[in-house]
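>>> the sequence isn't on hand, but the structure is:
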């Protein structure tokens, strides 16, 4: 009997990542009393004084993990990566259609330490499921802040043949190895039929607010 890929392993990190969508008593029961608190490119700017996730009024997701928790799974880069993307936390620009999307999160080590100045390089399809392979539309990199926080403004990517809805990302701690992976959306019809999809990579706390979709994700890197 083949394993059920729709049921991710519920580590404490994953429970807390999803926790903003659960009633508080359920979160406390799941996490009990021991929850901890919180280069492919050369850094060119100083880290911002506040967390990236808090900028623009979006609450930062809980930077939660278990000591010894599994690192974020790696996935294929795919055929559409372009190096040397511009440094920017917002991929929005004139002429880009689709629903606005804000994803915020944290970069941590497996022993729950925040990773400052981690490189995060994002790229994705537009709302029609097409990539810009000539320029840098819907492509950009940023660096995590002093608390490991990051925040991305973009649009909900479209789907294309053979793939469910997803966003590509490379994450790298200073002088560390590059994690290449993909982020997914909950409840997508194409998730079950996509041979690359992994439930551990689904965005947490996905909701619509004032026409903008919001979500969160905690990257855990090998410490």
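Good, I have the coordinates. Being a predicted model, the structure only gives us computed values, none of them experimental.

>>> the nearest residue to residue 144 once chain neighbours are set aside and residue 209, how far apart?
Residue nearest to residue 144 in three dimensions, not counting chain neighbours: residue 118, with 4.2 Å by C-beta to C-beta, 6 or more residues apart in numbering. The C-beta positions use only the backbone N, C-alpha and C, and glycine is treated the same way. According to C-beta to C-beta, to the nearest Å, residue 118 and residue 209 sit 27 Å apart.

>>> where do the strands sit along this protein?
Secondary structure of the chain by DSSP state E: the strands cover 100-109, 119-123, 139-143, 149-155, 166-172, 178-184, 204-209, 212-221.

>>> quick one: least confident helix or strand in the protein?
Scoring the helices and strands of the chain by mean pLDDT, DSSP states H and E places helix 24-31 at the bottom, with a mean of 34.

>>> quick one, which of the strands of the chain is nearest to residue 87?
Of all the strands of the chain, strand 139-143 sits nearest to residue 87, with 5.6 Å by C-beta to C-beta.

>>> hmm, the residue nearest to residue 144 is touching residue 172, no?
Yes. The pair residue 118 and residue 172 qualifies as a contact (C-beta atoms under 8 Å) at a distance of 6.4 Å.

>>> between those two, which one's more packed in?
Per other C-beta atoms under 10 Å, whichever of residue 118 and residue 172 has more neighbours is residue 118, with 26 against 23.

>>> for the more buried one, give me its contacts.
Contacts here follow C-beta atoms under 8 Å, 6 or more residues apart in numbering; on that basis residue 118 touches 107, 143-144, 148, 150, 171-174, 219, 221.

>>> so what's the residue count around residue 79?
Other residues close to residue 79 by other C-beta under 10 Å number 7.
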